[in-house]
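Engineer: sequence unavailable; structure follows:
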């Protein structure tokens, strides 16, 4: 190639890039793959939340309290917020007592322990048939500003014997094994997606429930069907709180398991908000413990009513919310890169099946890039004409010189 041709090609490439600012750098700067300048309103914009465990234990005067583990909130710009894999139980193991003003998880949970992290061997809270797994709790704002949330885990509720510890602080005892497990959910999953005000999807599922039966065996139970609840009564499950005169060995409990279907069924912090349109998911577990004395007689309060301790758990609580009139933010319209030969009907959709083929939409179309390509093509065309004219003049000069 002549020096003029080399300069011409370089100039065309430079013109094409200059006419398409951000074609490479803009995409690289936005990790979510969407517009780098998209930000949603913190108070009213689309948002998603995900929580691994929330608990409300006992009534006023009984002890216990309200506990919500760290909730993941979707960022204001496209991205995700994920619960640390180091969080594997409630109450959390601690090497020192909580500082003033910090929640005392152990005091709130009492003798209850909820575990949701990977564990194997003698301290595993799950039956041998349940594979160990990491939890995955994440709240996401997609590049198109659609909020989504997912919580996946195995959950085990254990009643901790007085001689057992949590492995933290001065406590040298190991975590209790499966013998202390009274209830478990295998492969729990809750997920929500708010794609539009009329397209809110939610899912709450599980492979198997495990329940400690009256005979002392931890046996598998089918999860309740969608729209239904599972009720189990008179189970050998102790209360999380030890009240005066109660014998934990004689206490029995009723368990009700159902899906979260409304925002007010979640156990949440005040900052966990809804919107004009909201989708929710999660497993709600209610345990009503009937306290008895050492003789097996039901304890009664001052009014002569049976003494009960009620525990509410929400496992894998998630939500997504949208303001009225929400419209997803589109990065760029797409056009097909690979176009099959032949005629295509107007009803066929890009990215959808066409007979046994698929029209693929792999690369986004950028108007600025189109301008760059057109300008580059024009410059190349002009250069070709100029090269042809120079060659023609050179040929004429040689003819005149030899003639």
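Structural biologist: Yep, it's here. No experiment lies behind these values; they were computed from the predicted model shown.
Engineer: mind listing what's buried along stretch 89-97?
Structural biologist: 89, 90, 91, 92, 93 (16 or more other C-beta atoms under 10 Å). Heads up, the C-betas are built off the backbone N, CA and C, glycines and all.
Engineer: for stretch 256-276, same thing?
Structural biologist: 256-260, 263, 265-268, 272-275.
Engineer: just to revisit the earlier point, mind checking which of the buried residues of stretch 89-97 land in strands?
Structural biologist: 89, 90 (DSSP state E).
Engineer: out of the buried residues of stretch 89-97, which one has the lowest pLDDT?
Structural biologist: Across the buried residues of stretch 89-97, the smallest pLDDT goes to residue 93, namely 78.
Engineer: coming back round to it: residue 285: which of the buried residues of stretch 89-97 is nearest?
Structural biologist: Residue 285 lies nearest to residue 90 out of these, by C-beta to C-beta, at 13.2 Å.
Engineer: residues in contact with the closest one?
Structural biologist: Going by C-beta atoms under 8 Å, 6 or more residues apart in numbering, residue 90 touches 53, 55, 67, 69, 105, 109, 113, 114.
Engineer: export those residues to a markdown table and tack on distance to residue 156?
Structural biologist: As requested, the contacts of residue 90 are arranged in a markdown table below (distance: C-beta to C-beta, whole Å):
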| residue | distance to residue 156 |
| --- | --- |
| 53 | 11 |
| 55 | 14 |
| 67 | 17 |
| 69 | 15 |
| 105 | 17 |
| 109 | 14 |
| 113 | 8 |
| 114 | 7 |
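Engineer: let me have those in TSV, extended by neighbour count.
Structural biologist: Below are those laid out as TSV (neighbours: other C-beta atoms under 10 Å):
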residue	neighbour count
53	26
55	26
67	20
69	22
105	19
109	25
113	23
114	24
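Engineer: tell me the secondary structure for residue 317?
Structural biologist: strand (DSSP: H, G, I helix; E, B strand; the rest coil).
Engineer: leaving out chain neighbours, which residue sits closest to it?
Structural biologist: Distances taken as C-beta to C-beta, 6 or more residues apart in numbering place residue 282 nearest to residue 317, at 3.8 Å, with adjacent residues excluded.
Engineer: how many residues are close by that neighbour?
Structural biologist: Residue 282 is flanked by 29 other residues according to other C-beta atoms under 10 Å.
Engineer: tell me the first helix or strand C-terminal of the helix or strand of the chain with the lowest mean pLDDT.
Structural biologist: One helix or strand of the chain scores below all others by mean pLDDT, DSSP states H and E: helix 25-29, with a mean of 27. Per DSSP states H and E, the first helix or strand lying C-terminal to helix 25-29 is strand 47-50.
Engineer: quick check: buried residues in that following strand?
Structural biologist: 47, 48, 49, 50.
Engineer: what strands flank that strand, and is each parallel or antiparallel?
Structural biologist: Looking at strand 47-50 with DSSP bridges, its partner strands are strand 72-73 (antiparallel), strand 308-322 (antiparallel).
Engineer: for residue 243, state which of the buried residues of stretch 89-97 is nearest.
Structural biologist: Out of the buried residues of stretch 89-97, the member with the shortest distance to residue 243 (by C-beta to C-beta) is residue 91, at 19.7 Å.
Engineer: distance of the closest residue to the closest one other than its chain neighbours from residue 68?
Structural biologist: In space, and not counting its chain neighbours, residue 91 is closest to residue 105: 3.3 Å by C-beta to C-beta, 6+ apart. Going from residue 105 to residue 68 by C-beta to C-beta, to the nearest Å gives 11 Å.
Engineer: what segments of the stretch 251-400 of the chain are strands?
Structural biologist: All strands of the stretch 251-400 of the chain, identified by DSSP state E, counting those that start in this stretch, fall at 252-259, 277-290, 308-322, 353-354, 357-358.
Engineer: out of those strands, nearest to residue 38?
Structural biologist: strand 308-322 (15.2 Å).
Engineer: deepest-packed of the strands of the stretch 251-400 of the chain, please.
Structural biologist: Comparing those by mean neighbour count (mean count of other C-beta atoms under 10 Å), strand 308-322 ranks first with a mean of 25.
Engineer: taking strand 277-290 as reference, get the angle to it.
Structural biologist: 170 degrees (axes from the mean of the first three to the mean of the last three C-alpha atoms, to 10 degrees).
Engineer: what separation is there between the residue nearest to residue 324 when sequence neighbours are not counted and residue 47?
Structural biologist: Here the nearest residue to residue 324 in space, its sequence neighbours aside, is residue 276; by C-beta to C-beta, 6+ apart that works out to 4.1 Å. Per C-beta to C-beta, residue 276 is found 12 Å from residue 47.
Engineer: try residue 219
Structural biologist: Residue 219 is 40 Å from residue 47, by C-beta to C-beta.
Engineer: which stretches in this structure count as helices?
Structural biologist: 3-18, 25-29, 105-109, 367-402 (DSSP state H).
Engineer: lowest mean pLDDT across the ones you listed, which one is that?
Structural biologist: helix 25-29 (a mean of 27).
Engineer: one step back: ramachandran coordinates for the residue nearest to residue 324?
Structural biologist: Dihedral pair for residue 276: phi -60, psi -30, per degrees, to the nearest 10.
Engineer: my guess is it contacts residue 198, does it?
Structural biologist: No. In this structure residue 276 lies outside contact range of residue 198 using C-beta atoms under 8 Å: 12.0 Å.
Engineer: so what's in contact with residue 276 and residue 47 at the same time?
Structural biologist: residue 321.
Engineer: so what's residue 306 bridging to?
Structural biologist: residue 300.
Engineer: and it, how many neighbours?
Structural biologist: Residue 306, neighbours per other C-beta under 10 Å, totals 11.
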